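> test case, fold it:
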Amino acid sequence: MFFLKEKSISLTEIFNDKFVDIHSHLLPGIDDGAKTIEDSISLISKMKSFGIKNFITTPHVLGDVYPNSTDTILQKLEELKYELTLREGFEDISLRASAEYMMDEQFVQRLEQNDILTLQDNFILVEMSYFNAPINLYDILFEIQLKGYKPILAHPERYNFYHNDFQNYYKLKKAGCLFQLNLLSLTEQYGSRVKKTAEKLIKENLYDFVGTDTHHKNHLRLMEKIGTKKIKKNILDLVNNNSKFYK
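Prediction:
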């Protein structure tokens, strides 16, 4: 029996002009993403070739590992935006910054002080440890919403501790948590279990938005693998949802 390989399509057929990538690590030297301005420019250039021209980049804010302040993030944003103005071919790039907040003690303190960079309006991008959820996870989600924010959970498919009990995803949604799919989860980047979980979450219509979570060039090489008609069909509504963040 022969299996025909699905014909690939250009990523420009997936990403429209109003698509906004709400999860990436493009600011230089601030976390485990781009290391230099040149890295940042190179990543943005490649993503532009995919049809992605609008970015709300989201450096990690993670305890003592990546203790990025609002001021630090905004300063790096201005440095990168200035550099983009000096280069030809980036006139149509829209670049803003928020953060990917680890839901830990420090985050709760920032929340209390209203020291939060939103994606837009009152949406904030949050994540958990890959080893286990915070003991007080639902208290944190409640506090986020009590402060008037809407939590978007980054890459829920990557939390292995939920894979064997899918009801946890429904519980999170009921608690007011929105879900953001990592597009690379539809490739072999994070393993077969993550891919399978992502596909199930799509099937169950539990995702709200997508993001690339781009850190480096290898991610973008792999990104081209989502260029198939089947994947386009499965994620098109989600891609269109991201236009909510278009300015």
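
> isn't Tyr162 right next to Pro156, touching?
Yes: counting by Cβ atoms under 8 Å, Tyr162 does reach Pro156; the two are 7.2 Å apart. Backbone N, C-alpha and C define where each C-beta goes, glycine included.

> looking only at neighbour counts, state which of these two leads.
Neighbours were counted for Tyr162 and for Pro156 using other Cβ atoms under 10 Å; Pro156 has more, 26 against 18.

> how close does that one get to Leu80?
The spacing between Pro156 and Leu80, counted by Cβ to Cβ, to the nearest Å, is 29 Å.

> where does this protein dip in pLDDT?
Residues of the chain meeting the criterion pLDDT under 70: 1-5.

> for the lengthiest helix in it, buried residues please.
Ranked by number of residues, the top helix in the chain under DSSP state H is helix 70-86. The neighbour-count check on helix 70-86 (16 or more other Cβ atoms under 10 Å) flags Ile73, Lys76, Leu77, Leu80, Leu84 as buried.

> pull the contacting residues for the first one.
So the one you mean is Ile73. Taking Cβ atoms under 8 Å, 6 or more residues apart in numbering, we find Ile73 in contact with Leu27, Ile30, Pro59, Ala97, Ala99, Leu117.

> tell me the one of those residues nearest Glu188?
The closest of the contacts of Ile73 to Glu188 turns out to be Pro59 (Cβ to Cβ; 25.8 Å).

> burial count for the closest one?
Using other Cβ under 10 Å, Pro59 has 27 neighbouring residues.

> before we move on, the earlier item: tell me, what's touching Tyr162 and Pro156 both at once?
Counting by Cβ under 8 Å, 6+ apart, the contacts common to Tyr162 and Pro156 are Tyr169.

> for the protein, what spans make up the strands?
For the chain, the strands defined by DSSP state E cover 20-21, 54-57, 60-61, 94-97, 100-102, 123-127, 150-154, 178-182, 209-211.

> TSV for the ones you listed, including distance to Ile41 and mean neighbour count?
Below are the strands of the chain laid out as TSV (distance: least, Cβ to Cβ, whole Å; neighbours: other Cβ atoms under 10 Å):
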stretch	distance to Ile41	mean neighbour count
strand 20-21	16	24
strand 54-57	13	25
strand 60-61	21	24
strand 94-97	11	18
strand 100-102	21	24
strand 123-127	23	22
strand 150-154	24	21
strand 178-182	23	23
strand 209-211	20	25
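
> between those strands, which gets nearest to Glu13?
Nearest of the strands of the chain to Glu13, taken as Cβ to Cβ: strand 209-211 at 15.1 Å.

> outside of the closest one, which residues touch it?
Residues outside strand 209-211 that contact it (Cβ under 8 Å, 6+ apart) are 21-24, 58, 152, 154, 178-183, 235, 238-239, 241-242, 244.

> the residue nearest to Lys200 when sequence neighbours are not counted - how many residues pack around it?
Excluding the flanking residues, the one nearest Lys200 by Cβ to Cβ, 6 or more residues apart in numbering is Phe166, at 7.2 Å. By other Cβ under 10 Å, 14 other residues sit near Phe166.
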